[in-house]
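J.: Here's a sequence, model it:
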Amino acid sequence: MKAIHTLYPKAVKTKVKSDTEMYAWDKHGNEIKLDLDAINNWVDPEAYKDKRRAEYPTLQDCVHAILDGNLESLQEARNKIKAKYPK
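T.: Residues are numbered from 1 along each chain as shown. Alright, predicted model coming up:
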């Protein structure tokens, strides 16, 4: 789980059974005490990238737009997505 590894950089092994049952261990096999509230409330600061990627025009759409001379509409579509999912 990305939240655990971000909040606990020494964690090398994790086990997540549910939102209320999570475990992590360091490189020596020592269990790390986890703050479940912090983990469950963590928001990935780079989540916007995946959301944008899913909605951006496909490569094929981009090629067609370029060949048809519709670069403005392509850029407009990308700007709308960027506005929808800001950094």
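J.: May I see the domains of the protein written out as residue ranges?
T.: 2-41, 47-84 (automatic domain parsing).
J.: Please convert these to TSV, extending it with mean pLDDT and mean neighbour count.
T.: From N, CA and C alone the C-beta is placed, and that goes for glycine too. Converted to TSV, the domains of the chain look like this (pLDDT from 0 to 100; neighbours: other CB atoms under 10 Å):
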stretch	mean pLDDT	mean neighbour count
domain 2-41	96	13
domain 47-84	94	12
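J.: can you confirm residue 23 is in a strand?
T.: Yes: the assignment for residue 23 by DSSP: H, G, I helix; E, B strand; the rest coil puts it in a strand.
J.: give the contact list for it.
T.: Residue 23 makes contact with 14, 15, 16, 31, 34 under the criterion CB atoms under 8 Å, 6 or more residues apart in numbering.
J.: Looking at these, which is nearest residue 68?
T.: Nearest to residue 68, judged by CB to CB, of those is residue 16 at 47.4 Å.
J.: which SS class is that closest one?
T.: strand.
J.: Tell me the spacing between it and residue 40.
T.: 11 Å (CB to CB, to the nearest Å).
J.: likewise residue 18?
T.: Applying CB to CB, the value for residue 18 to residue 40 is 10 Å.
J.: Then residue 65?
T.: Taking CB to CB, one finds residue 65 at 41 Å from residue 40.
J.: do the same with residue 73
T.: 41 Å.
J.: what's the answer for residue 1, then?
T.: 10 Å.
J.: cool, residue 76 as well?
T.: 38 Å.
J.: Repeat that for residue 28.
T.: Taking CB to CB, one finds residue 28 at 26 Å from residue 40.
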